[in-house]
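Chemist: Here is a sequence with its predicted model. Questions after.
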Amino acid sequence: MTSSPAGRTGAVVRITDVAALAGVSPGTASKALNDTGQLRRETRERVRRAAEQLGFTPDGRARALSSGRSYTVGLVTTDSSGRFSIPIMLGAEDALSAGEMALLLCDTRDDPLREQHYLRTLLARRVDGIIVTGRRTEPRPPIAVPIPVVYAFNGSTDPADASVLVDDRGGAASAVTHLTDVGRSAITHVTGPERHRSAVERATAATETAGAAFRGPPLYGEWSERWGRQAVDLLLRAHPDLDAISCGSDQIARGVCDRLRELGSRIPEDVAVTGFDNWDVMALACRPPLTTVDLELEELGRRAARMLLDAVGGRPHSGALELTTRLVVRGSTLPD
């Protein structure tokens, strides 16, 4: 390992200075700072305290050469808007920063050629592993690379690949259970396109959880406020006794709330409404603020990064891990 930036006195602090202060050899100091070798924890901590005291910063290139790693990870996404990939990235960075690793974000824009270009670029940069994510939950074909890969939010079509997924069914069930717990007895569900896995999973769980209280069938449409407004008119004509509407997204739920208010319905006194995603832009701007299901995307990113770090360290995971969601209760189901 080579030299670091200048310390307090202006002199360049070297690994030999750290080793001398810690009372170990330069090789041991290098192993301790690179987290390699078979060293006692007390030795590693003593070396790190010495490095901190001297203001020593390891040279990144030397660190990579000595360990055979680049200490970088790629995040490949199809989510150009960042709605899902940015929280996942923040969580992944939390986990990676503990190992002083950097993350490189690559947006493929749903273009297979662009994805292949980014994969070649990441391999050329010798990244230690790749996290793959997207804006939809449908499983995608696996990427063929000779380094560890973890899929986050959308899984791989190969069931043996390591994936971290959202429990859509559990989230929808928790929202409907909350509605029945607050006394609602005529519940329906409005969601996005039927071709989307997440829409079907959420609608199925809502229907099953509501049981005899469900007024169906669930309505499939767009992930939009406009569809939410249109759905209210359809639902109230078919089921004038409705007292709760579970929605497959916060955008739909906000449109539902807007249309209910236009028609003179009080929320939640006359009709309670739940969303899905806990997207602050929608959920907090809704009137009243929206009870919704939080996907816990930052935690999903953290778990995916930890799984990737395990794989880089020779302890790979296999199969899908579903993370539980969290119900956030606000004014659209409980009056102030």
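Modeler: That came through, no problem.

Chemist: can we go C-alpha only for contacts and neighbour counts from here?
Modeler: Fine.

Chemist: for the helix or strand containing Ala175, packing partners?
Modeler: Assigned by DSSP states H and E, Ala175 belongs to helix 168-181. Under the contact criterion of 3 or more C-alpha pairs under 8 Å, 6 or more residues apart in numbering; DSSP states H and E, helix 168-181 touches helix 197-210, strand 244-247, strand 292-294, strand 326-328.

Chemist: any chance of the ones you listed in JSON lines, with distance to Ala32, mean pLDDT and mean neighbour count too?
Modeler: Below are these laid out as JSON lines (distance: least, C-alpha to C-alpha, whole Å; pLDDT from 0 to 100; neighbours: other C-alpha atoms under 10 Å):
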{"stretch": "helix 197-210", "distance to Ala32": "46", "mean pLDDT": "98", "mean neighbour count": "21"}
{"stretch": "strand 244-247", "distance to Ala32": "52", "mean pLDDT": "98", "mean neighbour count": "30"}
{"stretch": "strand 292-294", "distance to Ala32": "40", "mean pLDDT": "98", "mean neighbour count": "25"}
{"stretch": "strand 326-328", "distance to Ala32": "40", "mean pLDDT": "98", "mean neighbour count": "18"}
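
Chemist: And the top helix by length along the chain, what's buried?
Modeler: Of all segments of type helix in the chain, defined using DSSP state H, the longest is helix 297-312. Neighbour-count burial for helix 297-312 flags 297-309, 311-312 (criterion: 16 or more other C-alpha atoms under 10 Å).

Chemist: Return the member of those residues nearest to Ile143.
Modeler: Leu308 (14.8 Å; C-alpha to C-alpha).

Chemist: Please report the distance of the closest residue to the closest one other than its chain neighbours from Val273.
Modeler: Counting by C-alpha to C-alpha, 6 or more residues apart in numbering, Val150 is the residue found nearest to Leu308 once chain neighbours are left out, at 6.0 Å. As judged by C-alpha to C-alpha, to the nearest Å, Val150 and Val273 stand 35 Å apart.

Chemist: okay, and for the stretch 51-200 of the chain, where does confidence drop off?
Modeler: Along the stretch 51-200 of the chain, the model assigns pLDDT under 70 to residues 57-68, 99.

Chemist: Just the strands from it, written as ranges.
Modeler: 72-77, 102-107, 129-133, 149-152, 163-166, 187-191 (DSSP state E, counting those that start in this stretch).

Chemist: got a markdown table for the ones you listed, with mean neighbour count and distance to Gly221 too?
Modeler: Converted to a markdown table, those look like this (neighbours: other C-alpha atoms under 10 Å; distance: least, C-alpha to C-alpha, whole Å):
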| stretch | mean neighbour count | distance to Gly221 |
| --- | --- | --- |
| strand 72-77 | 24 | 25 |
| strand 102-107 | 18 | 27 |
| strand 129-133 | 26 | 24 |
| strand 149-152 | 30 | 26 |
| strand 163-166 | 24 | 22 |
| strand 187-191 | 28 | 6 |
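
Chemist: Reformat these as CSV; add distance to Gly27.
Modeler: Formatted as CSV, these follow (distance: least, C-alpha to C-alpha, whole Å):
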stretch, distance to Gly27
strand 72-77, 24
strand 102-107, 25
strand 129-133, 27
strand 149-152, 32
strand 163-166, 38
strand 187-191, 60
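
Chemist: Quick one: closest of those strands to Leu327.
Modeler: Short answer: strand 163-166, nearest of the strands of the stretch 51-200 of the chain by C-alpha to C-alpha, at 13.3 Å.

Chemist: what's next to that closest one, contact-wise?
Modeler: 137, 150-156, 295, 300, 303-304, 318-325 (C-alpha atoms under 8 Å, 6 or more residues apart in numbering).

Chemist: List the contacts of Ser89.
Modeler: Careful, residue 89 is Met and not Ser. Residues near Met89 by C-alpha under 8 Å, 6+ apart: 75, 298, 301.

Chemist: Please tabulate those in JSON lines, including the columns distance to Leu242.
Modeler: Formatted as JSON lines, the contacts of Met89 follow (distance: C-alpha to C-alpha, whole Å):
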{"residue": "Leu75", "distance to Leu242": "44"}
{"residue": "Glu298", "distance to Leu242": "35"}
{"residue": "Gly301", "distance to Leu242": "38"}
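
Chemist: Out of those residues, which comes closest to Ser332?
Modeler: Of all those, Ser332 sits closest to Glu298, with 24.9 Å by C-alpha to C-alpha.

Chemist: you'd agree that closest one is up against Ala95?
Modeler: No: the criterion here is C-alpha atoms under 8 Å, and Glu298 misses it with Ala95 at 10.2 Å.

Chemist: Sweet, I'm off.
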